[in-house]
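Engineer: need a structure here:
(chains A and B)
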Amino acid sequence: MNSSVTKTAGGDCATYCVFRYRGHTFAVTASCLREVSSSPKFAELPVRSRGLAGICHLRNEFVPVLRVPVRNESQAKLDEAASKMLTLQGAHGDWGLLADEVVAITPLDFTGGPSKYQDEWSAAWLGSTTFREEVVQILDPTGLYRAVEDELSRSQESSIS
Amino acid sequence: MRFKHSILATHLLTSASTVGLYVATRSFAFSVPMALGCALVTGAAISIWGQRLFLNRLHYGMAQLESSISTGEPLAVEDDDEFRDWANSLRAQVQRWTDVATRSRQQLREVEAIIHILDRRTKTGRETSTGQLRSLLLSVAKQAQSTIQQVQDGSLEVARDAQSILQSTQQCAEAIRRSSTRSAKLSETLLALREEVSEGCRSLSSSREASAEIAGQASRLANEMSRIRSELKTGEAKLRVVNEQSDEITSSLSLISQLTSRTDMLALNASIESIRAGEHGRGFAAVADEIRKLAEQAGQAAENVADQLGLMQEGVRDAASVMAKERTGLDGFSANADSLRDGAEEIRRQAETTHNLFTVVLEKSERHAHAARELADNFEQFHDHGAQQTQRAEEVVWRTEATCEATAELITILRPLARLEHSDLPATSSDPSTAVAEELSEGHAHLADDSSSEALQTIG
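Structural biologist: So this is what the prediction gives:
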């Protein structure tokens, strides 16, 4: 999967979808965003993953539902309050990302920097900026999806071994 | 005054009879002292008659005093029984005096008959034997001396009794004066009590009117409380209706919020599609953005309305709660107003009853004050009567003393007649008593037609 967002050190004025999830404000590029919908009922999978919430059926497709890994929060509690779901377009099809509230679809200018995450989730982070006096963390949808895939692979490997 | 007039009349009649007797017997030297003695005896009898009248008057006054004492304030009359004993003894003494006067009047008639015989003998020139005349004079002198002695003794007793009556009358007058003073004080006290009771009546009347006013106010207040309570109940019902309507508005607002949320989401998706459309979707993106802003504003407005509605509902609930509380308080206040009205009505009834009692007490105290005033006036009259009785008793004492002196003088005058018994005058041949009796019968027969007899009967 190729990244649809070009990370530029001098600033990129692309359009982003700003949303809140568990008290944090995130943003993903709007070019890979297919739609915003209410959070559907989704089925949890029998795997332990911080990024994969479950799978749902949306518009005649089974769509994996992901979430932004947030520290110090139980997963069940995280998934309960999410009222929106962003449907993103990936290389292998659409997938969903849980959100509490979509704030805006607006152009953002951000600067790259050291990743907030020092683990496997660091690939999902592109940078940060401010919007309406709030710090917005710019996420890379492709990196987030890949990190969830890696987590699932490790989990599967560990379960086999 | 009537008593004084009767005394004066008796004295005048006594003087007239004395003069008449003197004129009738002026031709005989021995008849002058005899006539004087007879006149004194007659005067004493008439004085006794006057004293009897005085005693009857005094007894009537005492009876009046006893009646007043029994009907009014008891008097501190001292020695009442002793005074009555004195009155009884004086009455008995007067009775004895009356008997003596009767006997004296008979003797006076006999003397008058003798004088008539002597007069007739003088006219006819018939000589009277000296012995018969001496015997006759001796007999008359003895009888006159005895009668005068009895008169003197009776006068002394009358003087003593009159002195006792004088002292008792003075004591009674003093007691009556004290009772009069007390009755006057009692009357003043009753008048003061009447004023106080009258003042209490006025206060009670004011209290009665005030309690009636309070009862009316309490009744009006209770009615007003009832009206306010019913209005509060109506207000509570209206508030419930408002609350229900606000609930409906809240549900409508919830629907509006859902619609705005969906509109917002629709606008977001439109923006996404416009972005996906690239350059061709820029206009559509602006429209979608405006729609999203409108949806946000509508959502904010709905939220504001919901907030305001929530505040309003909270205020309505508070108002309903306050109204319910006020209604409960009004129930208690209405009960208190009813109790106040009942209490004021009870106070008014009690004040009316007390006012009636005060009115009765007022009337009775007025009557008692009037009766005490009359009693004091009666005591004053009794006091005046007592003073008059004292004066009359002093007069009786003076007259009895004068009677005693006159009788002593009469005894002195009659003493030479007693010496005739031892003189050497010749005695008559016949029995002098028989001759005297015959002549006396003739004298009596002559006296039946004489005018002097009428005068004596008038005096008697």
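Engineer: CA only for contacts and neighbour counts going forward, please
Structural biologist: Will do.
Engineer: what about the helices in chain B?
Structural biologist: Remark: helices assigned in chain B by DSSP state H are B:2-24, B:31-71, B:80-124, B:130-277, B:282-418, B:432-447, B:451-459.
Engineer: weakest of the ones you listed by average pLDDT?
Structural biologist: When those are compared by mean pLDDT, helix B:451-459 comes last with a mean of 40.
Engineer: dump the residue contacts of the residue of chain B found nearest chain A.
Structural biologist: Closest to chain A within chain B is B:N269: 5.3 Å, counting by CA to the nearest CA. Listed by CA atoms under 8 Å, 6 or more residues apart in numbering or on different chains, the contact set of B:N269 reads A:R34, A:E35, A:V36.
Engineer: Just the buried ones from those?
Structural biologist: A:R34, A:E35, A:V36 (16 or more other CA atoms under 10 Å in any protein chain shown).
Engineer: rewinding a little: ok, and which of the contacts of B:N269 reach chain B?
Structural biologist: By CA under 8 Å from any CA of the partner chain, the members of those lying near chain B are A:R34, A:E35, A:V36.
Engineer: any chance of these in CSV, plus pLDDT and secondary structure?
Structural biologist: CSV is the format used below for those (pLDDT from 0 to 100; DSSP: H, G, I helix; E, B strand; the rest coil):
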residue, pLDDT, secondary structure
A:R34, 92, strand
A:E35, 92, strand
A:V36, 93, strand
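Engineer: sorry, back to before: so which of the helices of chain B gets nearest A:C56?
Structural biologist: Closest approach to A:C56 among the helices of chain B is made by helix B:130-277 (19.4 Å; CA to CA).
Engineer: quick check: angle from the closest one to helix B:80-124?
Structural biologist: Here helix B:130-277 runs at an angle of 150 degrees relative to helix B:80-124 (axes from the mean of the first three to the mean of the last three CA atoms, to 10 degrees).
Engineer: Would you indicate which residues of stretch B:114-123 are buried?
Structural biologist: B:I114, B:I115, B:H116, B:I117, B:L118, B:D119.
Engineer: Give the ranges of residues in chain A that sit below the confidence cut-off.
Structural biologist: A:1-13, A:71-81, A:113-118, A:161 (pLDDT under 70).
Engineer: ok, which stretches of it are strands?
Structural biologist: Along chain A, counting by DSSP state E, strands occupy A:15-21, A:24-29, A:33-38, A:42-43, A:52-58, A:61-66, A:84-90, A:93-99, A:101-107, A:125-131, A:134-139.
Engineer: Around chain A, which positions in the stretch 151-300 of chain B sit nearby?
Structural biologist: When proximity is defined as CA under 8 Å from any CA, the stretch 151-300 of chain B approaches chain A at B:M265, B:L268, B:N269, B:S271, B:I272, B:E273, B:I275, B:R276.
Engineer: Going by distance to B:E303, which of these wins?
Structural biologist: B:M265 (17.2 Å).
Engineer: Compute the number of surrounding residues for the residue lying closest to B:T147 once chain neighbours are set aside.
Structural biologist: Closest residue in space to B:T147, ignoring its immediate chain neighbours: B:S104 at 7.0 Å, by CA to CA, 6 or more residues apart in numbering or on different chains. B:S104: 21 surrounding residues under other CA atoms under 10 Å in any protein chain shown.
Engineer: do the one 3 residues further on as well
Structural biologist: The local packing count at B:Q107 equals 17, with neighbours defined by other CA under 10 Å.
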